[in-house]
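K.L.:
Sequence and predicted structure below; questions after.
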Amino acid sequence: MSVSGVGNSSKTTSTKDTASAATNSLTSNYTTFLTLLTTQLKTQSPLSPMDVNSFTQQLVQYSAVEQQIQTNSNLKSMMDTLTSSAALQLVNYVGKSVTAYSDTTKMDSGKANWTVNASAAAPGSKVTITDENGGVVYQGSTDLKAGNNAFTWDGKGSNGADYSSSTGAFTIAVNGTDSTGKAVTITTEITGKVQAVDTSSAQPYIKVNGHLLPLSALTEVSV
């Protein structure tokens with residue numbers, strides 16, 4: 001069992017650096033503003049004094065910006081904490097059997113398995129399987145009924161090569177039409193156990209059958 005990227009410290013550091021830079025910039029500008037304000041007050045004409053309300057409004061605006069930066073910094077810290085907590089909760093997925101939208105999987109006991117869902121019956125649908133480099137290794141056809149269809153590839157390539165013992169990933173593409181010649185909407189799913197969780201990016205990923213999938217791709221989780 002393995003978990004990748006739990007508690008992303010680089011994001012936390014980046015968040016703190018951004019907030020610190022904003023605060024330093026505001027402090028510098030605020031100091032400059034006060035210097036200019038003091039100079040103006042010293043050199044203003046007694047017969048035409050500057051508008052005190054204008055200075056007060058600017059001071060209030062600077063104070064509001066400072067508070068907003070601090071609020072944003074606190075919110076980002078809270079988000080970092082929630083992200084870390086969510087990452088730890090994702091560990092519970094490891095070892096569970098899941099079904100997820102995906103067109104890519106690896107060989108399991110010499111076979112590659114997909115569930116092909118068709119919006120309508122599509123006899124003679126074209127099946128194309130490619131390897132990790134995008135090279136076509138298999139082309140064939142299958143009759144799809146409306147709903148879920150199990151499709152198993154035994155690793156026998158169209159060129160006579162045997163891929164059943166390959167450790168690489170294979171991607172399937174299925175295209176079909178109904179009895180009237182209208183294109184049928186086809187989606188594919190894979191089923192397997194979650195091998196790892198990756199939280200190194202903004203969206204968490206799970207590894208199923210050696211392939212990373214976004215958590216949003218999950219359609220079913222079982223023990």
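P.N.:
Alright, I've got the coordinates. Numbers count the residues shown, from 1 in each chain.
K.L.:
What's the mean pLDDT across the helix or strand hosting residue 38?
P.N.:
Taking DSSP states H and E as the definition, residue 38 sits inside helix 9-43. Mean pLDDT, taken over the full extent of helix 9-43, equals 60.
K.L.:
Can you tell me how far residue 129 is from residue 207?
P.N.:
Residue 129 sits 21 Å away from residue 207, taking Cβ to Cβ, to the nearest Å as the criterion. The C-beta positions use only the backbone N, C-alpha and C, and glycine is treated the same way.
K.L.:
Looking at these two, which one has more neighbours?
P.N.:
Counting neighbours by other Cβ atoms under 10 Å for residue 129 and for residue 207 shows that residue 129 has the greater number, 23 against 19.
K.L.:
before we move on, what SS does the more buried one have?
P.N.:
Three-state call for residue 129 (DSSP: H, G, I helix; E, B strand; the rest coil): strand.
K.L.:
contacting residues around the residue nearest to it when sequence neighbours are not counted?
P.N.:
The shortest distance from residue 129 to any non-neighbouring residue, by Cβ to Cβ, 6 or more residues apart in numbering, is to residue 138 (4.1 Å). When contacts are counted by Cβ atoms under 8 Å, 6 or more residues apart in numbering, residue 138 touches 127, 128, 129, 153, 156, 157, 158.
K.L.:
Quick check: the fourth one touching residue 170?
P.N.:
Yes - between residue 153 and residue 170 there is a contact under Cβ atoms under 8 Å: 7.4 Å.
K.L.:
shared neighbours of those two, which are they?
P.N.:
Common contacts of residue 153 and residue 170 (Cβ under 8 Å, 6+ apart): 112, 129.
K.L.:
Kindly export the biggest strand by length in the chain (C-alpha atoms) in PDB.
P.N.:
With residue count as the measure and DSSP state E as the assignment, the chain has strand 186-198 as its longest strand. Once side chains and other backbone atoms are set aside, the C-alpha atoms of strand 186-198 remain, and they are given as PDB (Å, rounded to 0.1, in the frame of the first residue of the first chain):
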ATOM      1  CA  ILE A 186     -20.200   5.000 -26.000                       C
ATOM      2  CA  THR A 187     -18.300   5.300 -22.700                       C
ATOM      3  CA  THR A 188     -15.900   2.900 -21.100                       C
ATOM      4  CA  GLU A 189     -15.100   1.900 -17.500                       C
ATOM      5  CA  ILE A 190     -12.600  -0.200 -15.700                       C
ATOM      6  CA  THR A 191     -12.700  -2.100 -12.500                       C
ATOM      7  CA  GLY A 192      -9.900  -2.800 -10.100                       C
ATOM      8  CA  LYS A 193      -8.400  -2.200  -6.700                       C
ATOM      9  CA  VAL A 194      -7.000   1.200  -5.700                       C
ATOM     10  CA  GLN A 195      -3.200   0.800  -5.400                       C
ATOM     11  CA  ALA A 196      -2.300   4.400  -4.300                       C
ATOM     12  CA  VAL A 197      -3.600   7.900  -3.800                       C
ATOM     13  CA  ASP A 198      -1.900  10.900  -5.300                       C
END
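K.L.:
picking up where we left off before, do you know how far the residue nearest to residue 129 is from residue 156?
P.N.:
Going from residue 138 to residue 156 by Cβ to Cβ gives 7 Å.
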